[in-house]
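In: Sequence first, then the predicted structure:
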Amino acid sequence: MPYSPALDGLRAIAILLVLLFHGRMPGLPGANVGVDVFFVLSGYLITRILLAEHQAEGSLDLRRFYRQRLLRLTPPLLLLLLLYALLAPLLWPDYYFHVRDWVVVLIYQADLALVFGMGPLKMLHAWSLAIEERFYLLWPLALLGLLALKNLRIALPVLLTSVLLAGLWRTAALQLWDVSSGEAYYRFDMRISGPLLGACLGMWIGSGLPVPAHLLRRHWLMLAWLVLLAVVLYPTDDKGRLSFGLPLVEITVLYILLWLHCRPQGLLSKTLTSPPLVYVGQLSYGLYLFHYPVMEYLKLQQPWWLVLLAGTSIAFMFAVFSHHLIERPIRRWRRKPAQEKTLGTII
């Protein structure tokens, strides 16, 4: 399955939005939707990879899948935790929960800890890692059940129904049952719609279903980018954003991915495959891991622009170190040369 550099370019846009949000750049109250771009993209890529394996070999090697995910995600995280163990007590001497937070992040349970009021405050961003890790754990098992239907054209409506139910569950919890926006933001059951929607597209493409021509008109692509921009720029209450803005973002990212798949030589693909964007996309996991504690410390005494510039620069240095000296060597070790190029690195 060929490597798509445009997906790394899209990943670069996602991480840049996250950096702008955590750097508290004025005028971008919704830039945290970069996380949702990652969620949809992850569901799409994982499903494409799993379906390709099933079609080629007639089965899924779950042990190999879990081992590859562990080797992909955990070593850079261990570097973050090592640095945190060494520096956090010096940077935040009055914070008494470093050990608890360290363990919570290590075992990918930051989302649950936040729901119960025991979140890792200096590594708050680890909640999304926990969401994705749990998705990686459960989705291959669910996919095996869908594949047992022997017809992906039947399995796809089942999966679409689950996405709809997840979205309705989140909206009802927020609007009818008075679940707080903070709780809903971090809960796995209320954020699973993004990865599942990406999985729907992966299944659609993987099953060989045709894409209607009218979906690939440029005005729909322009509308998708405008919707994403509107959610990033438009200030709204958190419940409204999670109930109505989040589904718009997820559908928008889904459409952009569909366009990139069907128009690999189009202007959008060529733009996203520019070398700087692709390289930032390849560093995106490291950038995501390292930026938050740095910015969290700088926020104590520095203006937003210095937090953004210095925090991004320091995170970039660590991400480059992690990518070239940890992630790439491990990737070369765990894959045969013929398997070196895949759809892209997965957050």
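Out: Cool, the structure landed.
In: which other helices and strands contact the lengthiest helix in the chain?
Out: Secondary structure of the chain read by DSSP state H shows that its longest helix is helix 62-91. Counting contacts by 3 or more CB pairs under 8 Å, 6 or more residues apart in numbering; DSSP states H and E, helix 62-91 packs against helix 98-106, helix 126-147, helix 284-298, helix 304-322, helix 328-334. The way it works is simple: take the backbone N, C-alpha and C, and place the C-beta from them, glycine included.
In: Next, the buried residues of the first one.
Out: In other words, helix 98-106. Neighbour-count burial for helix 98-106 flags 98, 101-102, 104-105 (criterion: 16 or more other CB atoms under 10 Å).
In: Poorly predicted segments of this structure, please.
Out: 1, 335-347 (pLDDT under 70).
In: give me that answer again for 50
Out: Residues of the chain meeting the criterion pLDDT under 50: 337-342, 344-347.
In: Relative to L248, how far out is the residue nearest the centre of it?
Out: Nearest to the geometric centre of the chain sits F38, at 2.4 Å (CA atoms, centre = their mean). Distance of F38 to L248, computed by CB to CB, to the nearest Å: 17 Å.
In: My guess is L80 contacts H291. True?
Out: No - taking contacts as CB atoms under 8 Å, L80 lies outside contact range of H291: 10.4 Å.
In: And these two? Which one has more around it.
Out: In terms of neighbours (other CB atoms under 10 Å), H291 is the more surrounded of L80 and H291; the figures are 25 against 21.
In: The more buried one contacts A315, doesn't it?
Out: Yes - applying CB under 8 Å, one finds H291 in contact with A315, separated by 3.7 Å.
In: list residues touching both of these two?
Out: Shared contacts of H291 and A315 (CB atoms under 8 Å, 6 or more residues apart in numbering): L19.
In: want to try CSV for the buried residues of helix 98-106, with distance to A155 as columns?
Out: Formatted as CSV, the buried residues of helix 98-106 follow (distance: CB to CB, whole Å):
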residue, distance to A155
H98, 45
D101, 40
W102, 40
V104, 35
V105, 35
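In: ok, how many other residues are close to P140?
Out: With neighbours defined by other CB under 10 Å, the count for P140 comes to 19.
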